[in-house]
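Peer 1: structure here, sequence nowhere to be found:
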C-alpha cells in the first residue's frame, strides 16, 4: 500500500481542488462541504479557518515590513552613494588622489552591507527583532491616531 507524507497529501489535494473548481473561487460553505466529505469536523474546520485568517494577517504585516525595510535600505544606499561620491571627489580635487576619503567609504560601506544583509535575510533573528519592533511601533501609531481623532472630534463638538 502506497503512503504519502503530509506535504504530498497537501499538494495532491491542491491539484485535485484546482481541477474541480476550474479556477473559480469557492464560498466558505463549499469549502466546508469539501472538508466534511474528507471527514473533517465542523469545529476543526472553523478552528482551521481562524488559524488561516491569523496567518494571513501576519503574512500581510511581513509584506508591509519588507516594503518598509527595502525602501529604508534604498534610501540609506542613495545617501551613502551621494555623500561618498562628494567626499571622494573633494579628496581627489584637493589632493590629486584618493586618501582620507577611503575611510568613510569603507566604514560606512560596511554598515550599508550589514543593513543589506538584515534587509534581505528574512530568516535571521535580527530580522525578527526588527519586525517585532516595527509591529509595536505600528500599533502605537494606530492607537495614537485613534486617540487624536477622538480628541479632535470631541473638541470640534465642544466648540460648536
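Peer 2: Thanks, I have the structure now. Since we're looking at a predicted model, the values are computed, not measured. Numbers count the residues shown, from 1 in each chain.
Peer 1: tell me, how many residues neighbour residue 107?
Peer 2: Applying the criterion other C-beta atoms under 10 Å, we find 10 residues in the vicinity of residue 107. C-beta: built from backbone N, CA, C; applies to glycine.
Peer 1: distance of it from residue 11?
Peer 2: 49 Å (C-beta to C-beta, to the nearest Å).
Peer 1: quick check: next helix or strand after the helix or strand containing residue 80?
Peer 2: Mapping residue 80 onto the secondary structure by DSSP states H and E places it in helix 42-95. Using DSSP H and E, the next helix or strand after helix 42-95 towards the C-terminus is helix 102-120.
Peer 1: and the pLDDT for residue 21?
Peer 2: As summarised for this prediction, residue 21 has a pLDDT of 67.
Peer 1: now the helix or strand where residue 151 lies: buried residues?
Peer 2: If you go by DSSP H and E, residue 151 is part of helix 125-159. Buried residues in helix 125-159, defined by neighbour count with 16 or more other C-beta atoms under 10 Å: 127, 130-131, 134.
Peer 1: what average pLDDT does it get?
Peer 2: Mean predicted confidence for helix 125-159 is 91.
Peer 1: next one: that helix to chain centre, how far?
Peer 2: With C-alpha atoms, centre = their mean, to the nearest Å as the basis, helix 125-159 stands 19 Å off its chain's centre.
Peer 1: show me the shaky parts of this structure.
Peer 2: Within the chain, the set of residues satisfying pLDDT under 70 comprises 21, 23.
Peer 1: of the buried residues of helix 125-159, closest to residue 28?
Peer 2: The closest of the buried residues of helix 125-159 to residue 28 turns out to be residue 131 (C-beta to C-beta; 30.2 Å).
Peer 1: isn't the closest one right up against residue 62?
Peer 2: Yes. Using C-beta atoms under 8 Å, residue 131 is in contact with residue 62, at 6.9 Å.
Peer 1: related to what we said a few turns ago, now the helix holding residue 80 against helix 125-159, angle please.
Peer 2: Between the axes of helix 42-95 and helix 125-159, defined by axes from the mean of the first three to the mean of the last three C-alpha atoms, to 10 degrees, the angle is 100 degrees.
Peer 1: which secondary structure elements does helix 42-95 contact?
Peer 2: Contacting helix 42-95 under the criterion 3 or more C-beta pairs under 8 Å, 6 or more residues apart in numbering; DSSP states H and E are the following elements: helix 28-37, helix 102-120, helix 125-159.
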